[in-house]
Each structure stands twice: as C-alpha cells, then as structure tokens.
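Engineer: got a predicted structure plus its sequence, pasted below:
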Amino acid sequence: MTVSMRIGTRKSTMALAQTEEIARRLLVVAPELDVEIVKFDPVGDRDQTSNLLRHGGKGGAFVGEIRAAVRAGTLQAAMHSLKDMPGNEDTPGLVIGAALVRDPPTDALVLRDGVTLEDLRRARGEGFKIGTNAVRRAAYARRLFPAIEVIHFRGAADTRVRKLDGCEMQRLPGGGEVGPADALIMARSGLERVGLAHRIAHDFSIEEMLPAAGQGIVAVECAASDWATRRYLSLIDDPAARLCCDAEREVLWVLNGHCNSPIAAYSIISGHDMSMTASVLDEAGGHFIEVTRSGPADRPRELGRAVGLDLLHKGAGEIIERSRPEP
C-alpha cells in the first residue's frame, strides 16, 4: 500500500538538495512511501535586504511559514537546517522526528578572483571587506582579522557566490549600499551541497571559528501527534547527530539567546563520552567567553545545561543582553 508524505522546504538550491537527500533515505527504508517535496518561498528568502530581526529572527524568516503548514496538516514533515531553528523557545505540537548524519560543521572562506588568503592575513585584513549575515561569523572574523570591514551580505549559498564574483553592491536594511565584498564566510556543508566546494580558499578550524549550534545537521520536523510520520522518520534518524542536536540546543535554551547573539556550540562523541565547547562573543569580537566540558554521551542535555550554566557564570548573560534588540 502506498503511503503519502509531503515534506516542506525552502526552494533554494541547497534546501532542495537537503530535502532530496531526506527523500532518498526514506525510500531506501520504506519503499512504499510516495514522497512529495513542497517548495516554499519564506519571507527571509523573499526579502534579502532587511535584517532578519525584522521578521522575527531566523525562526520567523525561514522556519515559521513551513511550520505553520505542518501544524495545519497540509504537510507531514518539514526540512530545516538545524542551525536555523530557534533553540530558545518552545515549539508546541512539533518535534524533531529525525536528525540526519552530520555534514562537515565548519565554516569556510570564499575569495573573489584576484584576492588571496595572504592578502587578508597581511596587516590582519586591512582594507578588505568580508561579507556575512551571521553575527557569530562576523564576531569571529573580527577576532581573526581585526582590520577588516564586515559587511551585510545575504542570499542563498550559490547566489552569494555569484554576487561576490560579480562585485555586486549590497543594499543595507536602513537604505544605502555597501561593498563589494572581497571574501565571504560560509558553511562548508552548504558550499558542498550546491557544488561549490572548489571555491573554498580556507577551512576555518574549530579552534579558529567555533560552529553554530547544530551546524551541519539537517533536521526533519513533524507533528508530535503524527505517530505514523514519526515512525518513518525514526528510520533515518542518526543516533550521534541526535545526541549532538540535543546537547547543543540545550545550550541555546539555557542562554536564552536570540538571532543577534553570537553564540557557538559544538559537540563530539568518542565512545561513550561526549565533549562540548561553547562560546559567547560580543559582536565586535573583543569580549570572548569559552567553556569546554565532557560527560556521558547518553546524557546530552545534562552536558549542554552544564556548559550553558558555566557560560552564564562567566558573564555570558550580560553579553547576550547587550546584544538583544530593543523592543
């Protein structure tokens, strides 16, 4: 008997590639499924000029409309990049049904033609512009290249590289333009998904630039009460990715961070143990707090909670509050 499953996703090249991977995995373990991919054009993709805060952060900009369709029952599941899912708020009625095997979690540097890595390293980046919309990447970039100018740069992964190569100016949220960029900081996994890994000029190590919580993990969300869908999704759930997902999102929950908070968290599993490093930075990259802890791998939330509380004890709450937008 054929069973239908409609999965919602953003229509960007990367999001579609991620969702097609979900469909492939499902059909391997459940050939009776008829998987339909439903494309969305959320407000965060339609408006590539405004600051994401205008649309309620990443959750409102990229996740909200697809989640609403799952709650309404018009979709059985939704694909999200885990790092785009708010970790500091409840999602009543929804659960993460599957976390796929983690892709490379690191960030990478993409350079415009004629610019070299040595150019950026010389004089710590003086005179160069690096484009990103992620406050975490911006904060780390300012620590690594104190003399650079970080500029607002949004768009799908392949679109951003095209704009970089075309030396396009970027419209600012409040009006005016900035640019062109000399380099971009992007997720390695995203570049791989859209076939642009060959453009990577430098892979930032975990020590240089700690990833965002959940970076590299594709999450599939569904209704908590939809047990049939949850059963199918459990067949493609990766245990290691799930444990890392739970640990890193617990840090976000404890810190009550928002999309303007430069927060990073990354965990790794070795045997029965899990270690996690998390950090909080101010947007200028000058004030930096980092914590590393280890614990049993089968108790990820406890480890994430302990790391989050350590960060708060060291003053992370004050940094986060200073970065919180005024109501």
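Structural biologist: Happy to help now that I have it. Residues are numbered from 1 along each chain as shown.

Engineer: neighbours around Glu149, how many?
Structural biologist: Using other Cβ atoms under 10 Å, Glu149 is surrounded by 18 other residues. For glycine as for every other residue, the C-beta is placed from the backbone atoms N, C-alpha and C.

Engineer: Lys129 is in contact with that one, correct?
Structural biologist: Yes. Taking contacts as Cβ atoms under 8 Å, Glu149 lies within contact range of Lys129: 4.8 Å.

Engineer: now the common contact residues for these two.
Structural biologist: Counting by Cβ atoms under 8 Å, 6 or more residues apart in numbering, Glu149 and Lys129 have no common neighbour.

Engineer: which ones are touching Gly73?
Structural biologist: Contacts of Gly73 (Cβ under 8 Å, 6+ apart): Ala223.

Engineer: for it, give its distance to Arg324.
Structural biologist: 35 Å (Cβ to Cβ, to the nearest Å).

Engineer: ok, Ile200 next?
Structural biologist: Counting by Cβ to Cβ, the gap from Ile200 to Arg324 is 33 Å.

Engineer: more crowded one of the two?
Structural biologist: Taking other Cβ under 10 Å, Ile200 and Arg324 do not tie; Ile200 has more neighbours (17 against 12).

Engineer: which residues touch that one?
Structural biologist: Counted by Cβ under 8 Å, 6+ apart, Ile200 has contacts Ala108, Leu109, Val110, Arg188, Leu191.

Engineer: go again with 7 Å.
Structural biologist: Ala108, Val110, Arg188, Leu191 (Cβ atoms under 7 Å, 6 or more residues apart in numbering).

Engineer: equivalent analysis for Leu111, please.
Structural biologist: Ala183, Ala201.

Engineer: right, and the helix or strand after the helix or strand of the chain with the lowest mean pLDDT?
Structural biologist: Lowest mean confidence among the helices and strands of the chain (mean pLDDT, DSSP states H and E): helix 57-58, at a mean of 48. Once helix 57-58 ends, the next helix or strand along the chain (criterion: DSSP states H and E) is helix 64-72.

Engineer: chain center to that following helix, what's the gap?
Structural biologist: How far helix 64-72 lies from its chain's middle: 19 Å, per Cα atoms, centre = their mean, to the nearest Å.

Engineer: for the following helix or strand past that helix, list every residue counted as buried.
Structural biologist: The element immediately downstream of helix 64-72 (helix or strand, assigned by DSSP H and E) is strand 77-81. Neighbour-count burial for strand 77-81, counted by 16 or more other Cβ atoms under 10 Å, picks out Ala77, Ala78, Met79, His80, Ser81.

Engineer: same thing with stretch 219-232?
Structural biologist: Ala219, Val220, Glu221, Cys222, Ala223, Asp226, Thr229, Arg230, Tyr232.

Engineer: can you show me the helices along the chain?
Structural biologist: 13-29, 43-46, 57-58, 64-72, 117-121, 135-144, 157-165, 188-193, 227-234, 239-255, 300-313, 316-323 (DSSP state H).

Engineer: pLDDT weak spots in the protein?
Structural biologist: 42-62, 88-90, 258-260, 325-327 (pLDDT under 70).

Engineer: domain assignment for it?
Structural biologist: 1-102+216-237, 107-203, 238-327 (automatic domain parsing).
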